[in-house]
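[1] need coordinates for the following:
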Amino acid sequence: MALKAFESPITDVEMEDEELLSRAAWYYYHDGLTQADIGERLNLPRLKISRMLEKARRLGLIQVQVNSTYGSCLALERALTGRFGLHTSVVIPSLEGGHLNDRLGQAAAQYLMQTLKPGAMLAIGWGDTVTRALQRLAYTVASRNISIISLTGGVTGYLQGLGLPQIAAPNIHLIPAPIVASSATLAQALREEPQIAELFAMTRLAHAALVGIGATNAQATLVQSGYVSPAELTLFQRMGAVGDILGQFFDRSGTPLDIPLHQQLIGVSLEQLRGIPIRIGASGGSQKVAAMIGALRGGHINVLITDEETAAALLREDT
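    All right, here's what the predicted structure looks like:
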């Protein structure tokens with residue numbers, strides 16, 4: 001395993017905390033000391049050391065990278081990349097009983113840590129997996145002066161998901177509008193507002209985008225959030241919908257549906273999304289397979305992050 005550490009722009013009040021985190025991480029990963037040994041050196045309980053190491057990993061202060069040239073995951077990555085013409089694929093081992101969205105969020109954060117350069121701009125969608133990835137990017141985003149811009153409206157949801165006090169306010173750009181307007185006319189008027197139009201223009205400067213891929217079932221974020229009713233979802237399914245990205249439903253070939261909802265959305269279109277060089281879709285689970293195939297066939301994403309069970313299902317189902 002290779003361990004990487006990043007400097008972080010933090011205040012003097014936080015310095016002691018980060019120094020302890022970094023020291024504990026070095027002792028543990030590089031020097032091979034046990035948590036009990038580290039506790040004795042730092043005069044702290046072993047349980048405190050354990051929590052510090054977990055905190056450092058979750059915040060992105062340290063990165064643990066597995067270097068291996070073997071395994072089914074690597075074979076699946078090559079197969080997925082070739083089959084769907086992707087820039088790259090990341091397949092993590094399946095883990096029975098593990099929280100899949102949390103593990104995919106960790107993998108997405110790891111990929112972005114390796115990809116984003118200082119001063120880069122990251123465009124983000126919304127959803128549970130995206131949120132979990134962002135929560136692990138605090139130090140990386142802050143230390144590299146990375147800007148974050150939302151791809152849709154819905155300020156409250158983004159603020160709840162971000163939860164990153166380390167990121168300077170000027171580096172966060174959120175579209176000040178709802179995700180879905182009450183009418184197509186209002187949505188168009190809001191999109192033309194100078195402040196909102198300027199943010200839409202900024203998304204074209206993004207170096208990478210991270211989005212979730214939604215399935216067409218009752219557990220879908222759009223349904224759970226009340227933006228789409230169960231009756232509407234049933235109608236979309238009958239029209240051929242298999243999934244959505246940024247609230248835009250598409251069929252198995254990735255073609256967006258012609259439905260009124262899309263005219264009411266305040267966000268970047270799938271066509272505009274394809275203008276961003278690196279488009280990362282982080283998703284997994286048997287209920288997402290059809291949606292993921294549509295997203296891949298439509299070219300809406302060019303980097304896929306998933307688990308090995310889902311990866312194998314994608315290759316089986318894409319016939």
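[2] pLDDT score for the residue lying farthest from the centre of the chain?
    If you look at how far each residue of the chain sits from its centre, by Cα atoms, centre = their mean, the farthest one is residue 40, at 38.1 Å. As predicted, residue 40 sits at a pLDDT of 89.
[3] gap between it and residue 22?
    18 Å (Cβ to Cβ, to the nearest Å). In this view, the C-beta of every residue, glycine as well, is placed from N, C-alpha and C.
[4] give me the domain ranges for the chain.
    Using automatic domain parsing, the domains assigned to the chain come out as 2-64, 71-317.
[5] let me see the contact set for residue 171.
    Contact analysis of residue 171 by Cβ atoms under 8 Å, 6 or more residues apart in numbering lists 141, 145-148.
[6] make a ChimeraX selection of the buried ones in these.
    Only the buried entries of the contacts of residue 171 go into this ChimeraX selection, using 16 or more other Cβ atoms under 10 Å:
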select :141,146,147,148
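[7] okay, the contacts of residue 171 in a markdown table with distance to residue 244 next?
    Formatted as a markdown table, those follow (distance: Cβ to Cβ, whole Å):
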| residue | distance to residue 244 |
| --- | --- |
| 141 | 26 |
| 145 | 32 |
| 146 | 27 |
| 147 | 26 |
| 148 | 22 |
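[8] can you flag which of the contacts of residue 171 belong to helices?
    Counting by DSSP state H, these place residue 141 in helices.
[9] just the strands in the stretch 201-319 of the chain please.
    208-211, 214-215, 243-245, 248-250, 278-282, 303-307 (DSSP state E, counting those that start in this stretch).
[10] what is the burial count for residue 235?
    Counted with other Cβ atoms under 10 Å, residues neighbouring residue 235 total 14.
[11] same deal with residue 19?
    For residue 19, the neighbour count with other Cβ under 10 Å is 10.
[12] rank the domains of the chain by pLDDT, which is bottom?
    When I compare these, domain 2-64 is least confident, with a mean of 70.
[13] so of the strands of the stretch 201-319 of the chain, which one's packed in deepest?
    Across those, averaging neighbours per residue (mean count of other Cβ atoms under 10 Å) puts strand 243-245 on top, at a mean of 28.
[14] please list the outside residues in contact with that one.
    Contacts with strand 243-245, where a contact means Cβ under 8 Å, 6+ apart, come from 125, 211-216, 220, 222, 249-250, 270, 273, 281, 288, 290-292, 294-295, 300-301.
[15] which residue is the nearest non-sequential neighbour of the spatially most central residue of the chain?
    For the chain, residue 130 is the residue whose C-alpha lies nearest the centre (Cα atoms, centre = their mean; 3.1 Å). Using Cβ to Cβ, 6 or more residues apart in numbering and skipping the chain neighbours, the partner closest in space to residue 130 is residue 212 (5.2 Å).
[16] for that neighbour, give me its contacts.
    125-130, 221, 245, 281-283.
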